[in-house]
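> prediction below, plus the sequence it came from.
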Amino acid sequence: MADISFVQPLTSFDVHPPTSSRPPSDVQPSTGPTSPSTLRRPASDVHLHGGGVLVNTTTFVNNIGVPLVKDLDKEQKRELNLKLGIYAQAFSVGLGNNLLTFGILLRWPQFFWVWHLVLGFIYLPWRFKRFSAKNKEWYMMDFCYFVQYAALIVCILAALRTQIGYESPLSDYNYGFMRAFFAFANGALVLSVPLFGNKVVLHDIDNTTGIYIHFSPAILMYALRWGVGFGTSKIEEAWPMMFQICKDMVEADISTQSFSHALWYDGPCRGTAYEFALYPGLVWLIMWGIPYYIIMFCVLKGYFEERPEKEFLYRDALKPGRIEGVVFKKLPEPLWQLGFMLCHGAYIMVAGFISIAFWNSFVLHTVFLVSIYSYAVNNGSKFLFEEVAAKRIQKSIHKAGLSQIISEPKVGTLVTEASQSTPPKPTLTDHTEMI
């Protein structure tokens, strides 16, 4: 930015040189034709410094209003477009990702698990890198992420078992894991979309990853459970014995062959409370609940006490207004962490029990997932216009407009003895500049 510290833009102010006996509070805008009387600069934001006027630029820009893009010159528009270009590029990538995701889901559901894995190996490391910079990396120990890690591992092990004959110790539990994973994905995880206000924002990697974490596992299990309307035999034909969704994968096709069976399936593959509430609760306890408690609240207790800036789910639950916090805070404080875990486990089991309806009904499952995604799209639309358009883009225009205001004075200059020589460049902090 050019050194134009002693130029007064846009309006004619009654500005006095430093030697004047008049205090800064006397600095007021004139009511001439080039300076609307509605424009007021608070005295607290105006200071005399080195022969010029030192102004808080944030207050100044807010006072004069948002500049219009049409008022910017060609160079400033080019600079603004470069800054906003990342939005356009990211939006194109996000749209392509969405089209590819739903294209594979609806046309080739038997291959959707492969696409889910590919996205996982992209989004999860990217999320860790971004979260580490914000002291949020320990969120990735939470249950939602554990389900993603488990899904990736189970899918890879199942592929190794069927393709090269490698039998892992978990192979015998494939049938139970499929049902537990369905309960997690279509229970606690997908309900987190409205719970946490997840959004479909195509150009935003954090919101996109949030949708992947909480929504993608649900449509993965939708593809495996129903073949997206083609039936479970569609999955079995492509990957024999890989995903043990039902004991008889061909018989289960009846659930998509007539509306009555699609509305409610009551065959041998139907879900039960034991399989979708009690068994997932046991999996939660052994594979995540106990290890999480030991690692986060015992082994790393001192680490977190020394680093209050580190964020994770329990610390979120302690904030005012959090429902789970209201519940477990009724216990004595030494039991809060245990109470937090019990609340989490109860939520997992209740949500898993609800997911029985989606396992047994192709219609209900479809309507449910469409509703959840529609909610996220609506959230994203509000975010796009209320946050991105109204705030972030306007902030960029503000910056470009302020540059124009400073570099192209409209009315007079401040004439002082100091201004006739080259003044030293001031040292400024925050949003304060010389104008």
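Noted; the coordinates are in hand.

> so where is the stretch 51-200 of the chain shaky, pLDDT-wise?
Counting by pLDDT under 70, the stretch 51-200 of the chain has low-confidence residues at 51-68.

> which stretches in it count as helices?
Using DSSP state H, counting those that start in this stretch, the helices found in the stretch 51-200 of the chain span residues 57-64, 74-107, 112-132, 143-163, 174-183, 190-196.

> let me know the angle separating the third one from helix 74-107.
Put plainly, it is helix 112-132. 140 degrees (axes from the mean of the first three to the mean of the last three Cα atoms, to 10 degrees).

> just the CA coordinates for helix 112-132, please, in CSV.
Extracted in CSV, the C-alpha atoms of helix 112-132 (Å, rounded to 0.1, in the frame of the first residue of the first chain):
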residue,chain,number,x,y,z
PHE,A,112,-19.9,-47.5,-2.7
TRP,A,113,-17.9,-48.9,0.1
VAL,A,114,-14.8,-48.5,-2.0
TRP,A,115,-15.6,-44.8,-2.6
HIS,A,116,-16.3,-44.4,1.1
LEU,A,117,-12.8,-45.7,1.9
VAL,A,118,-11.2,-43.4,-0.7
LEU,A,119,-12.8,-40.4,0.8
GLY,A,120,-11.8,-41.5,4.3
PHE,A,121,-8.2,-41.6,3.4
ILE,A,122,-8.5,-38.0,2.1
TYR,A,123,-10.8,-36.4,4.7
LEU,A,124,-9.4,-37.9,7.9
PRO,A,125,-5.7,-36.9,7.5
TRP,A,126,-6.9,-33.5,6.2
ARG,A,127,-9.1,-33.0,9.3
PHE,A,128,-6.3,-34.0,11.6
LYS,A,129,-4.0,-31.4,10.0
ARG,A,130,-6.6,-28.6,10.3
PHE,A,131,-7.7,-29.6,13.8
SER,A,132,-4.1,-29.7,15.0
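
> show me the contact partners of it.
Helix 112-132 is contacted by residues 97, 100-101, 104-105, 137, 139-140, 145, 148, 151-152, 155-156, 205-206, 208-209, 212-213, 216-217, 219-220, 223-224, 243 when judged by Cβ atoms under 8 Å, 6 or more residues apart in numbering. Every residue, glycine included, has its C-beta placed from N, CA and C.

> mind listing what's buried in that helix?
The neighbour-count check on helix 112-132 (16 or more other Cβ atoms under 10 Å) flags 112-113, 115-117, 119-120, 123-124, 127, 131 as buried.

> I'd like the next helix or strand past the one helix or strand R225 maps to.
Following DSSP states H and E, the helix or strand that holds R225 is helix 216-226. Using DSSP H and E, the next helix or strand after helix 216-226 towards the C-terminus is helix 233-238.

> for that following helix, buried residues please.
The neighbour-count check on helix 233-238 (16+ other Cβ under 10 Å) flags 233-236 as buried.

> how much space separates the nearest residue to L318 once chain neighbours are set aside from Y222?
Closest residue in space to L318, ignoring its immediate chain neighbours: G325 at 5.6 Å, by Cβ to Cβ, 6 or more residues apart in numbering. Separation of G325 from Y222 (Cβ to Cβ, to the nearest Å) stands at 33 Å.

> and those two? which has more neighbours close in?
Y222 (25 against 19; other Cβ atoms under 10 Å).

> now for that one: which residues touch it?
Contacts of Y222 (Cβ under 8 Å, 6+ apart): 105, 186, 228, 365-366, 369.
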